[in-house]
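Enquirer: Based on what follows, work out the 3D shape:
(one chain, ligands or ions: 1)
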Amino acid sequence: MKRHMTLLFMLLLLFTSAACGPQAAPTVAPDAFQMHVQVDPEPLAVGDATLIVTLQTAAGEPVDGATLKVHGDMDHEGMMPVDREVSDSANGAYRVPFNWSMGGGWIVTITAVLPDNGGEFSQTFEYFVDAVSNESIINQSGGMNMGDTGAEMTPESTAEAGQ
Ligand SMILES: [Cu+2]
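Expert: All right, here's what the predicted structure looks like:
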């Protein structure tokens, strides 16, 4: 898995520069609705996660009663996609149980099928998921506290590794 991390990262850079932004289907005016996604937990790591998708009208009114179809693909061949469908919501927020099955670049397409035959639209979101499981002990410390030494990627386990 680690071997293609560098390649994935380069691909991700390409994707983020070339394919950022919403892609709306023709059935609904592209600016009639807005979709936002929050991921829990953060930072993203291999394992279970919840996508909290907020659906609103352009004016900011919450939209309940839609069906969300979530399709998660990795940015390389040979992976099973992760598909979910959710209709339950509260105040326009849909909680979608998800699973980052592998670290690397993910392309998540969310299609909202609007209530009352109101059409549908899709939006694509890109993520980079850390290869370390969010249940691993090295993720428990937060992982972002390297500011005080200024050192980057200093192996803390050097002494142990030299046995
Ligand atoms: Cu993969």
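
Enquirer: tell me which parts of the protein are close to the ion?
Expert: Residues of the chain found near the ion (C-beta under 5 Å from the ion) are Met74, Met79, Met102. C-betas here are computed from N, CA, C, even on glycine.

Enquirer: how about the second one, what does it touch?
Expert: Same thing as Met79. By C-beta atoms under 8 Å, 6 or more residues apart in numbering, Met79 lies in contact with Asp73, Ser101, Met102.

Enquirer: The first one touches Trp106, doesn't it?
Expert: By that I understand Asp73. Yes - the criterion here is C-beta atoms under 8 Å, and Asp73 meets it with Trp106 at 7.1 Å.

Enquirer: out of the two, which sits in the more crowded spot?
Expert: Higher neighbour count among Asp73 and Trp106: Trp106, with 22 against 16, using other C-beta atoms under 10 Å.

Enquirer: who's in contact with that one?
Expert: Here Trp106 is in contact with Gly72, Asp73, Met74, Asp75, Trp100, Glu126, Tyr127, Phe128, Val129 (criterion: C-beta under 8 Å, 6+ apart).
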